[in-house]
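Student: quick one, fold the following:
(2 chains)
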Amino acid sequence: MKQTVEILRQRISNAITEVTGIENCDPIVRLSTNPDFGDYQANGVMAIAKKTKTNPRKLAEEIIAKLSIEDICSPAEVAGPGFINLRLKPEFISKQLMAMEKDLGGTLGFEKTKKPQTIVVDFSGPNIAKQMHVGHLRSTIIGDSICRILESIGHKVIKQNHIGDWGTQFGMLIAYLKQDNPEVIDNPDSVHLSDLEQFYKNAKARCDEDADFAEAARKEVIKLHNKDADTMRVWQHIVDESRLHYQPTYDRLKADLHQENERGESFYADKLESIVEDLRKMGLAKESDGAICVFPDGFKNKEGNPLPLIIRKSDGAFLYATTDLAAIRYRADELKADKIIYVTDARQNLHFEMVFAVARMAGWVKEDTELCHVTFGSVLGEDGKPFKTRSGENVKLKDLLDGAVTRALSVVEEKNPELDAETKSNIAKAVGIGAVKYADYSNNRTSDYIFSFDKMLAMEGNTAPYMQYAYARVKSISRKAKANNINIENELAGLKDLNLVEPAEIDLAKYIMSYGEIINSAAVDYRMNYLTAFLYELAQKFSSFYTNCPVLKASDKSRATRLLLCRLTAKCIGQGLSNLLGIDVVEQM
RNA sequence: GCGCCCGUAGCUCAAUUGGACAGAGUCGCGGACUUCGAAUCCGAAGGUUGCAGGUUCGAGUCCUGCCGGGCGUGCCA
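Tutor: Numbering: from 1, shown residues only, chains lettered A, B, ... in the order given. Predicted structure coming up:
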């Protein structure tokens, strides 16, 4: 099933070609901003009129005269300076919804991309031996949703979790573990790091106050680089133990990340030397103040001099710029990426611009390979400052999620005390975690937002609980139907044509149709808030329909139609929340 | 200093990338439960889009200059 905008765009484009001779021009078809203007509008005629120096209204009239859309719309109208307004015919709405119903198990009739790409998405990137904190939330869930959306429209997605599992801090961690738990060398599984944060702090503290220990830590860094067997065993153990801490968080967040997606800093460690050497051989890298630097065009420092991307420090150590360059090369060469997406906060903007520039200078990515930094804003506390605990520490992601689930549970207890404990617990998880994720997604990705349990867990407004409630209400209709011996499958099987009469049902029907269009626009700019806005409006339209149009008690003439609307609404909300955003829906709450 | 992002209703935010009368939510106000789940719905109110110019049929969106804020800016990631 083709999306309605797509069909209209093509038809109008053809008509434009007939009238003006201009081929493949975009008539800019959009959902109408105002119901008075119809359902869709074409905004592109004015620009064409300008280009061809004709009267825009007259041109619009001529285009309409050549336009064949009788199967979709009632006669098109010219409005204002040269808009073309289009109103869908009920038969067409009916046809599209029936097509969606036939594809319930699939993409709801949504057509996949004609040009599938291999897209590498780099996201989450937790630090090993530290707890995940609120700073990892956005990259993890935004990245995850980007993957889900790109996959759903037919691209091949390769996830890359660039974990921080290498570097000088591992010297002290390994030395600490060897000193306190020497048995870890021969029997790693005997030692568990129950509290990562404490482990890290202890190691750091000892490093600061004990000179001998600091020296041991330095030696471990060298042994790490030389792949010393004992050291590597302890290192591997720290990584494995850390995974035991962050994997459950991924699972709770429904972030589809696993060990197989990890390509951390350690993976690139032995590729860094050649990055520097190759850049030197190409004459792109040179020494400056003892460090090896590349000076990509167009970047200036405070004094107006060329700004360096430092790829090797004066002490010989490599930096994250080096690792990122190695990663780009790997992703282009080995993973055959057509596009590489980095999901990190906006502060790393300059870094990635420079890394991308250097990768292109070196010819490590093809001309048409897209390098894309998808940025996001910060999570702020109620005071509008970066979200921290009272003692000024980063808020642990685990604590954050626990807090949300606890609050959700107390609401469930209050609203539905008669449910059994396990059901309540499951609802609380879905609502609590869902609220945190939904609040993030529903904000503009690029702006900062203030984290508030009260707002995200509110029943009213554009929140996860509201969406989940709407879903639960639709679902309760099917339960009720069963209890009343109404066979939904039979009724829908007998449905040949929709009987759309009430304003609320027409409104809902038209809106459901645009589901696929929204997925597309969300995918183009990785804007999850387009999707949440659609789902919210859908839920509102459903709620309005629900209060105005009885379903099970409806006349025979309209009951099947209404059952279909319910089914498609549930499917859109369910698929949107669960499959595209990774937010659980519940049958009852 | 330079670079990036931002400034929209009392508050929190949208605005599909230059489209028609700038929309939601929330707070406060007024209505609706004997009727499929009221965690709901319906209604009214709320605006000089930071300021000043410019580009054009048309600007919250693009350009210029101010004002205010955040972030970044040579050896952390």
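
Student: chain center to stretch A:552-566: distance?
Tutor: 36 Å (C-alpha atoms, centre = their mean, to the nearest Å).

Student: swap in stretch A:491-498?
Tutor: Remark: stretch A:491-498 is offset 36 Å from the chain centroid, using C-alpha atoms, centre = their mean.

Student: who touches stretch A:401-412?
Tutor: A:249, A:252-253, A:419, A:424-425, A:427-429, A:431-433, A:435-436, A:453, A:456-457, A:459, A:465, A:589 (C-beta atoms under 8 Å, 6 or more residues apart in numbering). Just so you know, the C-beta spots here come from the backbone N, C-alpha and C atoms, and that holds for glycine as well.

Student: would you show me how to pick out the buried ones of these in ChimeraX?
Tutor: This is the ChimeraX syntax for the buried subset of the contacts of stretch A:401-412, where burial follows 16 or more other C-beta atoms under 10 Å:
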select /A:249,252,253,419,424,427,428,429,431,432,433,435,436,453,456,457,465,589
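
Student: stretch A:467-480: which residues count as buried?
Tutor: Buried residues in stretch A:467-480, defined by neighbour count with 16+ other C-beta under 10 Å: A:467-475, A:477-478.

Student: again, but for stretch A:83-103
Tutor: Applying 16+ other C-beta under 10 Å to stretch A:83-103 flags A:83-88, A:90, A:92-98, A:100-101 as buried.

Student: now, which of those residues lie within strands?
Tutor: In strands, judged by DSSP state E, the following of those are found: A:83-88.

Student: before we move on, back to that, for the buried residues of stretch A:83-103, which one is nearest RNA strand B?
Tutor: Nearest to RNA strand B among the buried residues of stretch A:83-103 is A:F83, at 3.4 Å by C-beta to the nearest atom of the strand.

Student: helix/strand/coil for whichever residue of the stretch 401-550 of chain A sits closest to RNA strand B?
Tutor: Distances between the stretch 401-550 of chain A and RNA strand B by C-beta to the nearest atom of the strand are smallest at A:N444, namely 2.1 Å. Under the three-state scheme (DSSP: H, G, I helix; E, B strand; the rest coil), A:N444 adopts coil.

Student: burial count for it?
Tutor: Using other C-beta atoms under 10 Å, A:N444 is surrounded by 12 other residues.

Student: out of the buried residues of stretch A:467-480, who's near RNA strand B?
Tutor: Counting by C-beta under 7 Å from any atom of the strand, A:469, A:472-473, A:477 from these sit close to RNA strand B.

Student: what parts of the stretch 451-589 of chain A come near RNA strand B?
Tutor: So the stretch 451-589 of chain A meets RNA strand B at A:455, A:458-462, A:465-466, A:469, A:472-473, A:476-477, A:480, A:517-518, A:521, A:524-525, A:527, A:529-530, A:533, A:536, A:540, A:543-544, A:546-553, A:587-589 (C-beta under 7 Å from any atom of the strand).

Student: helix or strand for the residue positioned nearest the centre of chain A, which one?
Tutor: By C-alpha atoms, centre = their mean, chain A has its centre lying nearest to A:S145, at 2.9 Å. Using DSSP states H and E, A:S145 falls within helix A:134-152.

Student: after that helix, next one along is what?
Tutor: Counting by DSSP H and E, what follows helix A:134-152 is strand A:156-160.

Student: helices or strands up against that next one?
Tutor: In this structure, strand A:156-160 packs against strand A:118-122, helix A:134-152, helix A:320-333, with contacts taken as 3 or more C-beta pairs under 8 Å, 6 or more residues apart in numbering; DSSP states H and E.

Student: out of those, the one nearest A:E215 is which?
Tutor: When the helices and strands packed on strand A:156-160 are compared by C-beta to C-beta, helix A:320-333 sits nearest A:E215, at 25.9 Å.

Student: next, the buried residues of the closest one.
Tutor: Neighbour-count burial for helix A:320-333 [16+ other C-beta under 10 Å]: A:320-332.

Student: contacts for the helix or strand where A:L538 lies next, please.
Tutor: Assessed by DSSP H and E, A:L538 sits inside helix A:528-548. The contact list for helix A:528-548, computed with C-beta under 8 Å, 6+ apart, reads A:142, A:145, A:149, A:438, A:441-445, A:462, A:466-467, A:470-471, A:473-474, A:502, A:504-505, A:507-508, A:511-512, A:514-515, A:518-519, A:521-522, A:565, A:569, A:572-573, A:576-577, A:580-581.

Student: how far off centre is it?
Tutor: Here helix A:528-548 is found 20 Å from its chain centre; the criterion is C-alpha atoms, centre = their mean.

Student: got the angle for that helix vs helix A:134-152?
Tutor: 80 degrees (axes from the mean of the first three to the mean of the last three C-alpha atoms, to 10 degrees).

Student: can you pull the buried residues of helix A:528-548?
Tutor: A:528-536, A:538-539, A:541-543, A:545-546.

Student: ok, stretch A:63-77 next?
Tutor: In stretch A:63-77, the ones that count as buried by 16+ other C-beta under 10 Å are A:63-64, A:67, A:69, A:72-73, A:76-77.

Student: before we move on, what about stretch A:332-352?
Tutor: Neighbour-count burial for stretch A:332-352 [16+ other C-beta under 10 Å]: A:332, A:335, A:337-344, A:351-352.

Student: over to stretch A:491-498?
Tutor: Within stretch A:491-498, the residues scored as buried using 16+ other C-beta under 10 Å are A:491, A:495, A:498.

Student: can you check stretch A:576-588 too?
Tutor: So stretch A:576-588, judged by 16+ other C-beta under 10 Å, has buried residues A:576-578, A:580-586.

Student: ditto for stretch A:374-394
Tutor: Neighbour-count burial for stretch A:374-394, with 16+ other C-beta under 10 Å as criterion, is recorded at A:374-381, A:387, A:394.

Student: ranges for the helices of the stretch 1-150 of chain A?
Tutor: Taking DSSP state H, counting those that start in this stretch, the helices of the stretch 1-150 of chain A run over residues A:4-20, A:45-52, A:56-66, A:90-102, A:134-152.

Student: which of these is buried the deepest?
Tutor: helix A:134-152 (a mean of 23; mean count of other C-beta atoms under 10 Å).

Student: and that one with strand A:118-122, angle?
Tutor: Going by the same axes, to 10 degrees, helix A:134-152 makes 170 degrees with strand A:118-122.

Student: quick one on the thing from earlier: from the contacts of stretch A:401-412, which ones fall inside strands?
Tutor: Among those, DSSP E puts none in strands.
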